[in-house]
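Visitor: A structural model of the following input is requested.
(one chain, ligands or ions: 1)
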Amino acid sequence: MAKTSHRIKYGMTKRQVEKQLVPIIFLGHRVRVHKKVLKHFEAVDRRVRAYEENLGLKKYVPKQVGTFAYRNMRGKSRLSEHALGVAMDLDWSKNPMQHRRYQPTIPSYVTNIFKSSGFEWGGDWRSIYDPMHYQIGDGRIRPFKLPKKERKVSEEEKVNAYHKKYKVMNVTGKQYASGIKDPELKKMITKIVDDMRVWTYRTAEVDHQKMQALKE
Ligand SMILES: [Zn+2]
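Guide: Numbers count the residues shown, from 1 in each chain. A predicted model of the protein is given here:
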């Protein structure tokens, strides 16, 4: 789909394009892209890693990354955006171009980050579904808000919060048994009280869920 305006901007011939290619490490791969769109690819790489870091996700490292290739669009006589160094394909073995839509293996946050960094996605096209493909679109790098990491609340914290709120068994096993001298007995009482606290909380949770289910 290489538009004439794009050819004028990025290079009319293979040589003109090649002279303007610059290397970049992108999601763990060394590739070459057109220097005029370098900052867009850099934005995607940086945002993807920041996103993963924030949510504690495993890093997405594609098995296949392809950018510059002086060729026509698949099955067409028009030059591809790949020939200008402004398009990228990811994991094409598992995300082939098709007429029907399906769930791509590329994480959706990666696609969303591409889109907010000035790219269009082949998975949004109407004519053909090309989920591996990203190419420079309007080129605007929009503000991108990182999601906040959700802190995992332990059951112990939930139990404590519950008893504090409803003021039932508002002492922990350790507090309850603090005056007991016999270490064996102290251990036993501590355990009994803590088990009771957990049991009370869990029962209340089950009742709460039952009530919610009745409301729905
Ligand atoms: Zn492509």
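Visitor: okay, now the domains of this protein?
Guide: 4-136, 155-215 (automatic domain parsing).
Visitor: what's the offset of the longest helix anywhere in the chain from the middle of its chain?
Guide: The longest helix of the chain (DSSP state H) is helix 183-215. Put simply, helix 183-215 sits 36 Å off its chain's centre (CA atoms, centre = their mean, to the nearest Å).
Visitor: OK, contacts around the residue of the chain found nearest the ion?
Guide: Going by CB to the ion, the ion is nearest to residue 133 of the chain, at 3.5 Å. C-beta: built from backbone N, CA, C; applies to glycine. Residue 133 makes contacts with 87, 88, 89, 97, 121, 122, 123, as judged by CB atoms under 8 Å, 6 or more residues apart in numbering.
Visitor: secondary structure element for residue 120?
Guide: strand 119-121 (DSSP states H and E).
Visitor: Partner strands of the helix or strand following that strand, with direction?
Guide: On the C-terminal side of strand 119-121, the nearest following helix or strand under DSSP H and E is strand 133-136. Using DSSP bridges, the strands paired with strand 133-136 are strand 87-90 (antiparallel), strand 119-121 (antiparallel).
Visitor: Most tightly packed of these?
Guide: strand 87-90 (a mean of 24; mean count of other CB atoms under 10 Å).
Visitor: follow-up on the earlier one: what mean pLDDT does the longest helix of the chain have?
Guide: Here helix 183-215 scores 91 as its mean pLDDT.
Visitor: Then stretch 3-22?
Guide: On average, stretch 3-22 scores 93.
Visitor: what's the closest of the strands paired with strand 133-136 to residue 178?
Guide: Closest to residue 178 of these, according to CB to CB: strand 87-90, at 59.5 Å.
Visitor: got any ranges where the chain has weak pLDDT?
Guide: Low-confidence segments of the chain (pLDDT under 70): 1.
Visitor: need the helices for it, in chain order.
Guide: Under DSSP H, the chain gives helices at 4-10, 14-18, 38-55, 108-116, 155-166, 173-176, 183-215.
Visitor: Including distance to the ion and mean neighbour count, could those helices go into JSON lines?
Guide: Shown next, in JSON lines, are those (distance: least, CB to the ion, whole Å; neighbours: other CB atoms under 10 Å):
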{"stretch": "helix 4-10", "distance to the ion": "14", "mean neighbour count": "14"}
{"stretch": "helix 14-18", "distance to the ion": "15", "mean neighbour count": "13"}
{"stretch": "helix 38-55", "distance to the ion": "14", "mean neighbour count": "17"}
{"stretch": "helix 108-116", "distance to the ion": "12", "mean neighbour count": "18"}
{"stretch": "helix 155-166", "distance to the ion": "48", "mean neighbour count": "14"}
{"stretch": "helix 173-176", "distance to the ion": "62", "mean neighbour count": "15"}
{"stretch": "helix 183-215", "distance to the ion": "47", "mean neighbour count": "13"}
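Visitor: Kindly reformat those helices as CSV containing distance to residue 82.
Guide: What follows is the helices of the chain, written out as CSV (distance: least, CB to CB, whole Å):
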stretch, distance to residue 82
helix 4-10, 11
helix 14-18, 10
helix 38-55, 14
helix 108-116, 15
helix 155-166, 52
helix 173-176, 65
helix 183-215, 52
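Visitor: quick one, which of those is nearest to residue 129?
Guide: helix 108-116 (12.9 Å).
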